[in-house]
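**Q** how would this look folded up:
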Amino acid sequence: MRTTIRPRSEAPQALPATSLLQLMWLASPALPVGGFSYSEGLESAVDSAQAATESGASDWLIDHLHMTLARSDLAVLAKAVNAWRRADMAHLRELNNWVLQTRETSELRLQTEQMGRSLLVWLHNHDTATPAQLQACESLAPTYPIAFALAASSTKASVRDCLLTYAFSWAENMTQAAIKAIPLGQSAGQRILARLSVDIPAAVDHAMSLMDSERQAFSPMLAILSAQHETQYSRLFRS
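**A** You can find the predicted model right below:
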């Protein structure tokens, strides 16, 4: 009787605890960057009855994830993490400028600028970035994806893990926006978050596959909703 010995596949290398905790911290709603104060057009979609129910909001956010976040911010983040790790300031400046130039309304631009500044302040109070990196980041007047990339680049995490962290943080903030704007109960919010969580890995993989020339932020309906939100009579959110 012949016995076949199969080679054991190597277990994936565990992420160091400090890196895992850093990613959890960056994904936490307690991170003081003001993400809770934005709805990214969702409040306007609720007001116009385009996303005024649990299923409507869930569908709207799934589309937002794949059509805007994956093709723009996540795609920028996929490049920016490695750019910080190799100190490629020219590429980081190019990415930062792209984010600013593709924000189609003033409130969407103000959001990424404010959250970028707030995260930079947070970084100044931690030892996750070197003084040289902080100075370089300040010189960029960083948008949120660029500042987040700096915070994540100091970990031992893969680029994919960094993107998953960013996407889940976004999903939590947007789910809370739906709960407040529609309004919905906590159970409904958890169902929306569960749907987003299922779709996030595919959105991240798509973002990582994009070349710089393939990145885009063309989302005309979102731009219209954001522009309408700027003059909406009653609002809970800044955008």
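**Q** Read off the pLDDT value for Arg215.
**A** Confidence at Arg215, expressed as pLDDT, is 95.
**Q** same thing with Ser9?
**A** 48.
**Q** How about the secondary structure of Trp25?
**A** helix (DSSP: H, G, I helix; E, B strand; the rest coil).
**Q** and it, what does it touch?
**A** By C-beta atoms under 8 Å, 6 or more residues apart in numbering, Trp25 lies in contact with Leu31. In short, each C-beta sits where N, CA and C put it, glycine included.
**Q** what about it, distance to Ala152?
**A** 10 Å (C-beta to C-beta, to the nearest Å).
**Q** Which of the helices or strands spans Leu31?
**A** Using DSSP states H and E, Leu31 sits in no helix or strand.
**Q** Spell out for me which residue occupies the centre of the chain.
**A** Tyr166 (4.1 Å; C-alpha atoms, centre = their mean).
**Q** show me what contacts it?
**A** Tyr166 is in contact with Leu26, Ala27, Asp73, Leu74, Leu77, Pro145, Phe148, Ala152, counting by C-beta under 8 Å, 6+ apart.
**Q** Show me where the protein has its helices.
**A** Applying DSSP state H to the chain gives helices spanning 17-27, 42-47, 54-64, 73-85, 89-101, 106-124, 131-140, 144-153, 159-181, 186-209, 220-230.
**Q** elements contacting the shortest one?
**A** With contacts taken as 3 or more C-beta pairs under 8 Å, 6 or more residues apart in numbering; DSSP states H and E, helix 42-47 sits against helix 54-64, helix 159-181, helix 220-230.
**Q** how about the nearest residue to Ala152, chain neighbours excluded?
**A** Cys162 (4.0 Å; C-beta to C-beta, 6 or more residues apart in numbering).
**Q** That neighbour and Asp127, how far apart?
**A** 18 Å.
**Q** Tell me which of those two has more neighbours.
**A** Cys162 (25 against 7; other C-beta atoms under 10 Å).
**Q** looking at this protein, which helix or strand is least sure?
**A** Averaged element by element with mean pLDDT, DSSP states H and E, the chain has its least confident helix or strand at helix 220-230 (a mean of 87).
**Q** from the chain's centre, how far out does that helix sit?
**A** 19 Å (C-alpha atoms, centre = their mean, to the nearest Å).
**Q** Contacts for that helix next, please.
**A** 39-41, 43-45, 48, 50, 64, 68, 104-108, 235, 237, 239.
**Q** are any of the residues you listed buried, and which?
**A** 39-41, 43-45, 50, 64, 68, 104-105, 107-108, 237, 239 (16 or more other C-beta atoms under 10 Å).
**Q** Grab the nearest non-local neighbour of Thr102.
**A** Thr102 sits nearest to Ala217 (C-beta to C-beta, 6+ apart), 3.8 Å away.
**Q** what's near enough to touch that neighbour?
**A** Applying C-beta under 8 Å, 6+ apart, the residues contacting Ala217 are Thr68, Arg71, Ser72, Thr102, Arg103, Glu104.
**Q** mind showing which ranges of the protein have poor pLDDT?
**A** Applying pLDDT under 70 to the chain flags residues 1-12, 239.
**Q** Swap in 50 and give it another go.
**A** By pLDDT under 50, the weakly predicted segments of the chain are 1, 3, 9.
**Q** rewinding a little: for Ala207, which of the helices and strands packed on helix 42-47 is the nearest?
**A** Minimum separation from Ala207 across the helices and strands packed on helix 42-47 (C-beta to C-beta) falls at helix 159-181, 6.2 Å.
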